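J.: Generate a structure from the sequence data that follows.
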Amino acid sequence: MNSPTDEQAALIRITLESKAMSYLDRYDQESLLNLHKAKMHLEMAIGLLNQ
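T.: Next up is the predicted model:
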């Protein structure tokens, strides 16, 4: 699980600021945000298991 690329981080930042991209790019934007949220939840779960 690596950190997002600069482009992915920018997409995540735009999405978290509630700014929507053009209609054609919106699917990729939402998919990337969902993957980022899943990664964060997995990291939290692993952290809890390691305690």
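J.: quick one, longest helix in the protein?
T.: helix 23-49 (DSSP state H).
J.: What mean pLDDT does that helix get?
T.: For helix 23-49, the mean per-residue pLDDT is 85.
J.: List the buried residues in it.
T.: Buried residues in helix 23-49, counted by 16 or more other Cβ atoms under 10 Å: 29, 32-33, 36. In short, each C-beta sits where N, CA and C put it, glycine included.
J.: Include distance to residue 17 when you put those residues into a markdown table, please.
T.: Shown next, in a markdown table, are these (distance: Cβ to Cβ, whole Å):
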| residue | distance to residue 17 |
| --- | --- |
| 29 | 12 |
| 32 | 14 |
| 33 | 11 |
| 36 | 14 |
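J.: Now flag whichever of those is closest to residue 8.
T.: Proximity of the buried residues of helix 23-49 to residue 8 (Cβ to Cβ) peaks at residue 32, which lies at 5.9 Å.
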